[in-house]
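# Here is my input, please return the structure:
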Amino acid sequence: MQTRAKFGVGIAIILVALASLAWLGYGESKTYYHTIAEYQALQGSARNHRMRLAGTVSPGTIKHLPGRVEFVLEEQGKTLPVSYIGSDPLPDTFVDKSQALVEGRPSADGRFVAEHVQAKCASKYESAPGGDKPAPASTTQTSTM
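Modelled structure (predicted):
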């Protein structure tokens, strides 16, 4: 009987440890999405969460410094200075006036410290002039051999 009690206590300790690790992992991986205007309106502990912000990269603000890249995101007249300190290289589409999504945490000095940056160049995905016309219905190719 005593060995069963010891075994039960051991299993209970393992289950509690796994549950607490799962709870901590869930809390750390939770990410909130905000616009720049919403982010600037956040107060107190709401600013301490991990979050994602989207905006357009302001022209001429990308600065490559040792260990980080600094730039400014803008959206609806609001701006946000960002420092990227991630280990991954920035995407090729990360240029002036591109749409960017940054993920990270705010710093005490008012900058947003990003650990991940995703970017797309809107002009790259627009259709070419006249590209929205449908192809002719009866087009066949013949080859002469």
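
# Direction included, what does the helix or strand of the chain with the lowest mean pLDDT pair against?
Least confident helix or strand of the chain, by mean pLDDT, DSSP states H and E, is strand 32-34 with a mean of 76. With DSSP bridges as the test, strand 32-34 is paired with strand 51-57 (parallel).

# helices and strands around the next helix or strand after the strand it pairs with, which ones?
Going down the chain from strand 51-57, the next helix or strand is strand 63-65, by DSSP states H and E. Here strand 63-65 touches strand 68-75, going by 3 or more Cβ pairs under 8 Å, 6 or more residues apart in numbering; DSSP states H and E. No exception for glycine: its C-beta is placed from N, CA and C like everyone else's.

# try 10 Å this time
strand 68-75, strand 78-84 (3 or more Cβ pairs under 10 Å, 6 or more residues apart in numbering; DSSP states H and E).

# show me where this protein has helices.
All helices of the chain, identified by DSSP state H, fall at 2-29, 36-41.

# What average pLDDT does the longest one get?
Looking back up the chat, that one is helix 2-29. The average pLDDT within helix 2-29 is 84.

# ok now that helix, how far from the chain's centre?
From the chain centre to the centre of helix 2-29 is a distance of 33 Å (Cα atoms, centre = their mean, to the nearest Å).

# Count residues in the vicinity of the residue lying closest to Arg47 once chain neighbours are set aside, would you?
For Arg47, ignoring the flanking residues on the chain, the nearest one in space by Cβ to Cβ, 6 or more residues apart in numbering is Pro106 at 5.1 Å. Counted by other Cβ atoms under 10 Å, the residues lying close to Pro106 total 18.
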